[in-house]
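Chemist: 3D, please:
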Amino acid sequence: MKTKVQPSLQTKQSPNPEIIRTMFSKVAANYDKGNNVLSMGIHHLWRKKLVKYAGSKKGDKVLDCATGTGDLAIEFKKNVGSEGEVIGTDFCAEMLIPAPGKAIDRSLEIKFEQADVTKLQYADSTFDITSISFGIRNVSDPVLALQEMARVTKSNGKVLILEFGQMDIPILGNLYNFYSQNILPKIGGLVTGQKEAYEYLQKSSAAFPCKSKFVELMKQTGQFSEIEYINLTGGIAYIYKGTVK
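Modeler: Down below sits the predicted model:
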């Protein structure tokens, strides 16, 4: 019996869902271009790493929350095959517009639906794996979102989170911080025409808890028997994995 999901305490810094939805609707058309330019394509490697770390296999049923234009859902579908099922969801309808076409271009059958990760419309214990990439920090209540992801995941299934963090390596960390604070928003603005969105993304990444602090958020749900994480590219991003009770 899954624990009933309850809203957790929110802080004054909690993102406003409607502001976030509006912001992403404005960058949606050029979101992929911005990602590829700003990360030099490395975000694709991070998503491949997540799929492998999740232990996904042929026939698995996967839910990818905050899927955006569908990149992580596509990576999962390649792995679970025709025997498996992948559903990609996002609460911003505009972000989902390119996703079906990207899947079709790769001859992949993926269902894309609008959904809010804090109140998913799926039954308890439906999925083998539930994931979210670069979305949890934009949620007004991350603990509630994690609870919901665990609720719809089968016992002993996995919840995977890919999110930016903060680098601990002194010199590289300083260089990356300079890039993310001073250069990234300007390039993002040039590519998408929405500099303010990339200023928000940088600030939210720098402030969001990572490593053991994010693990504490996962523990607050009471839904996981095991929690672990790995760092990517020196700590620019992290993948967290929770095994559902």
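
Chemist: select the longest strand from the protein.
Modeler: Longest strand in the chain, counting residues (DSSP state E): strand 153-164.

Chemist: by mean pLDDT, flag the weakest helix or strand of this structure.
Modeler: Using mean pLDDT, DSSP states H and E, helix 170-178 stands out as the lowest-scoring helix or strand of the chain, at a mean of 66.

Chemist: ok, and what's touching the longest strand of the chain?
Modeler: For strand 153-164, the external contacting residues (CB atoms under 8 Å, 6 or more residues apart in numbering) are 46-47, 50, 53-55, 63, 72, 125-134, 136-137, 146, 149-150, 205, 208, 210, 214, 223-224, 236-245. Where you see a C-beta, it was placed from the backbone N, CA and C, and this is true even at glycine.

Chemist: let's see which of the residues you listed end up in helices.
Modeler: Judged by DSSP state H, the subset of the contacts of strand 153-164 located in helices is 46-47, 50, 53-54, 72, 146, 149-150, 205, 214.

Chemist: now those as CSV including neighbour count, distance to Val159 and pLDDT?
Modeler: Formatted as CSV, those follow (neighbours: other CB atoms under 10 Å; distance: CB to CB, whole Å; pLDDT from 0 to 100):
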residue, neighbour count, distance to Val159, pLDDT
Trp46, 21, 17, 94
Arg47, 22, 16, 96
Leu50, 25, 12, 98
Tyr53, 17, 12, 98
Ala54, 23, 9, 98
Leu72, 30, 13, 98
Leu146, 30, 7, 98
Met149, 27, 5, 98
Ala150, 27, 6, 98
Ser205, 19, 21, 74
Phe214, 22, 12, 97
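
Chemist: tell me the one of these nearest Asn231?
Modeler: For the ones in helices among the contacts of strand 153-164, the residue nearest Asn231 by CB to CB is Trp46; the value is 10.7 Å.

Chemist: now for the closest residue in space to Asp128 that isn't next to it in sequence: which residues touch it?
Modeler: In space, and not counting its chain neighbours, Asp128 is closest to Asp60: 4.2 Å by CB to CB, 6 or more residues apart in numbering. By CB under 8 Å, 6+ apart, Asp60 lies in contact with 76, 79-80, 84, 128-129.

Chemist: spatially central residue in the chain, please.
Modeler: Centroid-nearest residue in the chain, with CA atoms, centre = their mean: Ser133, separated by 1.7 Å.

Chemist: for the protein, what spans make up the strands?
Modeler: Secondary structure of the chain by DSSP E: the strands cover 61-65, 85-90, 111-114, 127-133, 153-164, 224-232, 237-244.

Chemist: among those, which comes closest to Asn16?
Modeler: Counting by CB to CB, Asn16 lies closest to strand 85-90 out of those; the figure is 17.0 Å.

Chemist: tell me what the closest one is packed against?
Modeler: Packing contacts for strand 85-90, counted by 3 or more CB pairs under 8 Å, 6 or more residues apart in numbering; DSSP states H and E, involve strand 61-65, helix 71-80, strand 111-114.

Chemist: could you list the buried residues of it?
Modeler: Across strand 85-90, burial judged by 16 or more other CB atoms under 10 Å covers 85-90.
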